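> no sequence for this one, just the structure:
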């Protein structure tokens, strides 16, 4: 097999969303630590830094429940130190989990995260993804983003200078718009294109889903405190499960399946409010790291050099407060 040609190999990249866990973590999967991460990062693209996003990894096994996620921050801070020792791209920011429904009381947890993070803690992801169907009710209950205590928790994040990574499903986009308007002082990072769902009860409804998603993405983009994270491409709106295909996706597959959604987001939010993510290793079963970034580069090939630098590097550096040499 011929080596893969890297598209625009000199374009600097900050991978704005990846995970780490030990053996058996994240539903029993094999370990993905800094060693495996650096192996992926070294496949040809100019990766300057990465951002870890919470995945319920290495929580403390005892103590008050609200402080158990601090264990994940401790684990990733140690992984970041190992990345520096190895000399590869740094893990330059950590997004952890905290129960934002604690309201103002979440401040004590944030203080513990800051102390554990070694200067790398940047924000929280408290998943609110919920759907009436039983396929993936990650949040446990509907309407979480509208609860006063949850919004107080988001505002507490903002007061401490941190951002909120928001993971919700596309039918919840109006709730996300309402949250952004209620917390205008907080930077909100919408994850995974706003997660348009193609499976379950939405299978075969791509046209309907796309129309609703486009309308609501345009509305969310009117909230100047929201930025959009572009990635998590395992299931295009066609409903295909790429992780179940006999071969992994190519850059051309990504461009063909996701170009319209990528460009809709960029054209509404602007390049300075969009950032790309690998979502590795979650997306690894369906695409190699090198092909993934090639696909994103193909989909944005006709944007200008300053716009592309913003999309692939500068927006992530600003949002996650990453200072690089």
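Nice, thanks for sending it over. Note that the coordinates shown come from a computational prediction; the quantities given were computed from them, not determined experimentally.

> low-confidence ranges in the stretch 101-250 of the chain?
134-138 (pLDDT under 70).

> Okay, helices next: where are they in it?
107-116, 148-159, 173-182, 206-221 (DSSP state H, counting those that start in this stretch).

> And the ones you listed: which comes nearest residue 4?
helix 206-221 (29.8 Å; Cβ to Cβ). All C-beta atoms are positioned from the backbone trio N, CA, C, and that covers glycine.

> Can you tell me the closest non-neighbouring residue to residue 293?
residue 45 (4.7 Å; Cβ to Cβ, 6 or more residues apart in numbering).

> Give the buried residues for the longest helix along the chain.
Longest helix of the chain, by residue count under DSSP state H: helix 251-269. Under the neighbour-count criterion of 16 or more other Cβ atoms under 10 Å, helix 251-269 has 251, 253-255, 257-259, 261-262, 264-266, 268-269 buried.

> any idea of the mean pLDDT in that helix?
In this model, helix 251-269 carries a mean pLDDT of 97.

> Touching the next helix or strand after that helix from outside, list them.
Going down the chain from helix 251-269, the next helix or strand is strand 274-276, by DSSP states H and E. Contact partners of strand 274-276, identified using Cβ atoms under 8 Å, 6 or more residues apart in numbering, comprise 13-16, 189, 227-231, 265-266, 293, 296, 310-312, 315-316, 319.

> let's go with 6 Å and repeat that
Outside strand 274-276, the residues within contact range by Cβ atoms under 6 Å, 6 or more residues apart in numbering are 16, 228, 229, 230, 231, 265, 266, 296, 311, 312, 315, 316.

> Mind pulling up the pLDDT for the first one?
We note a pLDDT of 98 for residue 16 in this prediction.

> That one: which element?
Per DSSP H and E: strand 12-18 holds residue 16.

> Past that strand, which element shows up next along the chain?
helix 25-28.

> Relative to the whole chain's centre, how far out is that following helix?
Distance, stretch centre to chain centre, for helix 25-28: 18 Å (Cα atoms, centre = their mean, to the nearest Å).

> Buried residues, it. List them.
25, 26.

> give me phi/psi at the nearest residue to residue 54 once chain neighbours are set aside?
Leaving aside its sequence neighbours, residue 54 sits nearest to residue 97 (Cβ to Cβ, 6+ apart; 4.2 Å). Here is the backbone geometry of residue 97 (degrees, to the nearest 10): phi -110, psi 140.

> what's the distance between residue 97 and residue 307?
Counting by Cβ to Cβ, to the nearest Å, the gap from residue 97 to residue 307 is 33 Å.

> what's the burial count for residue 107?
By other Cβ atoms under 10 Å, 16 other residues sit near residue 107.

> no wait, residue 208
Residue 208, neighbours per other Cβ under 10 Å, totals 10.

> That one and residue 75, how far apart?
As judged by Cβ to Cβ, residue 208 and residue 75 stand 41 Å apart.

> same deal with residue 229?
Residue 229 is 23 Å from residue 75, by Cβ to Cβ.

> cool, and residue 161?
When residue 161 is compared with residue 75 (using Cβ to Cβ), they lie 23 Å apart.

> Give me the more crowded residue out of those two.
Between residue 161 and residue 75, counting by other Cβ under 10 Å, residue 75 is the more crowded of the two (21 against 11).

> Report the angle between the helix or strand where the more buried one lies and helix 107-116.
If you go by DSSP H and E, residue 75 is part of helix 70-86. Put simply, helix 70-86 runs at 20 degrees to helix 107-116, going by axes from the mean of the first three to the mean of the last three Cα atoms, to 10 degrees.

> What lies in contact with the helix or strand following helix 70-86?
Where DSSP H and E defines the elements, the next helix or strand beyond helix 70-86 is strand 91-96. Contact partners of strand 91-96, identified using Cβ under 6 Å, 6+ apart, comprise 49-54, 69, 72-73, 76, 80, 83, 113, 117, 120-123, 125, 165, 320, 322.

> Okay, now the sheet partners of strand 91-96, with direction.
Strand 91-96 has the following strand partners under DSSP bridges: strand 46-53 (parallel), strand 121-125 (parallel).

> how about the buried residues of helix 251-269 in CSV, adding distance to residue 243?
Formatted as CSV, the buried residues of helix 251-269 follow (distance: Cβ to Cβ, whole Å):
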residue, distance to residue 243
251, 17
253, 13
254, 14
255, 19
257, 14
258, 15
259, 20
261, 18
262, 20
264, 24
265, 23
266, 26
268, 29
269, 28
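
> picking that back up, return the distance of the helix holding residue 75 from the chain's centre.
19 Å.

> What mean pLDDT does it get?
Mean pLDDT, computed over helix 70-86, is 98.
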